[in-house]
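**Student:** just a sequence and a predicted model for now, questions to come.
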Amino acid sequence: MLHDRREGGRVLARKLKAFAGRTDVVVLGLPRGGVPVAYEVASALRAPLDVFLVRKLGMPGAAELAFGALASGGLRLVDESLLRRYGVSAEEVERIAERERRELDRRERAYRGGRPPLPLRGRVVLLVDDGLATGSSMTAAILALRGVAPARIVAAAPVAPPDTCERLREIADTVVCVLTPDPFEAVGRWYRDFDQTTDEEVRELLARARAERPEESESRSAPAVEAG
């Protein structure tokens with residue numbers, strides 16, 4: 001059991017200590033819950049922190065069943081075979097995608113306040129979440145990040161089921177899962193305090209990270225992801 005996300009981040013950072021002090025490392029948190037974890041990792045490794053947003057596209061009337069995802073930079077991933085199987089029309093796909101795009105854009109503005117993302121091309125990206133269940137959000141983020149050709153993508157979380165960690169190894173360069181309980185049940189099962197992370201907390205942690213590493217804030221000049 002982990003006390004909270006901050007402890008989860010400190011535990012995860014110890015597993016990632018080989019990346020400490022490197023100038024080519026960037027830590028990306030998946031909002032909202034992944035950001036407190038990522039903040040602790042970035043602080044321990046002395047690396048810059050940013051967010052990477054992913055919004056799942058859920059089936060009409062069954063939002064928990066994702067047929068795709070949107071990610072920072074305008075990239076959209078869609079499982080066409082799943083859409084055909086359930087008979088989802090192109091109009092429904094566009095309606096759902098537009099709703100989620102508006103929310104993704106809102107969060108981008110809310111979290112960054114107009115600041116551009118950190119450049120990622122040719123860098124080692126540590127992609128961090130508070131836990132992985134199916135791994136669908138992490139999968140979408142990894143596939144989206146490939147669009148900017150980072151040197152390496154490391155998918156990392158304090159807790160995840162063993163089979164999810166194994167699946168992610170097929171698309172990430174490295175996967176780090178600290179706790180891999182089986183049966184897994186749910187991410188929140190392994191935290192004593194799993195209260196929802198707020199937008200305000202995300203903004204505060206990003207601001208604190210920028211204050212700790214002002215030289216990185218000044219270097220922001222390129223989009224994190226190029227759509228295509």
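**Tutor:** Alright, I've got the coordinates.
**Student:** dihedrals phi and psi, the residue nearest the centre of the chain?
**Tutor:** For the chain, the residue sitting closest to the mean C-alpha position, by Cα atoms, centre = their mean, is residue 30 at 2.7 Å. When read as degrees, to the nearest 10, the backbone of residue 30 gives phi -90, psi 110.
**Student:** residues contacting it?
**Tutor:** Residues in contact with residue 30 (Cβ atoms under 8 Å, 6 or more residues apart in numbering) are 38, 51-54, 127-129, 137-138, 141. For glycine as for every other residue, the C-beta is placed from the backbone atoms N, C-alpha and C.
**Student:** of those, which is the nearest to residue 74?
**Tutor:** Taking Cβ to Cβ as the measure, residue 74 lies nearest residue 53 of these, at 11.2 Å.
**Student:** who are the contact partners of the closest one?
**Tutor:** Residues in contact with residue 53 (Cβ under 8 Å, 6+ apart) are 30-31, 71-72, 104, 107-108, 111.
**Student:** try it again with 6 Å
**Tutor:** Taking Cβ atoms under 6 Å, 6 or more residues apart in numbering, we find residue 53 in contact with 72, 104, 107.
**Student:** most neighbours, which of the residues you listed?
**Tutor:** For the contacts of residue 53, counting by other Cβ atoms under 10 Å, the largest number of neighbours falls to residue 72: 24 neighbours.
**Student:** now that residue. Nearest residue, chain neighbours left out?
**Tutor:** Closest residue to residue 72 apart from its sequence neighbours, by Cβ to Cβ, 6 or more residues apart in numbering: residue 53 at 4.8 Å.
**Student:** how much space between the one you found and residue 109?
**Tutor:** To residue 109, residue 53 is 11 Å away according to Cβ to Cβ, to the nearest Å.
**Student:** again, but for residue 71
**Tutor:** 16 Å.
**Student:** out of these two, which sits in the busier spot?
**Tutor:** residue 71 (24 against 10).
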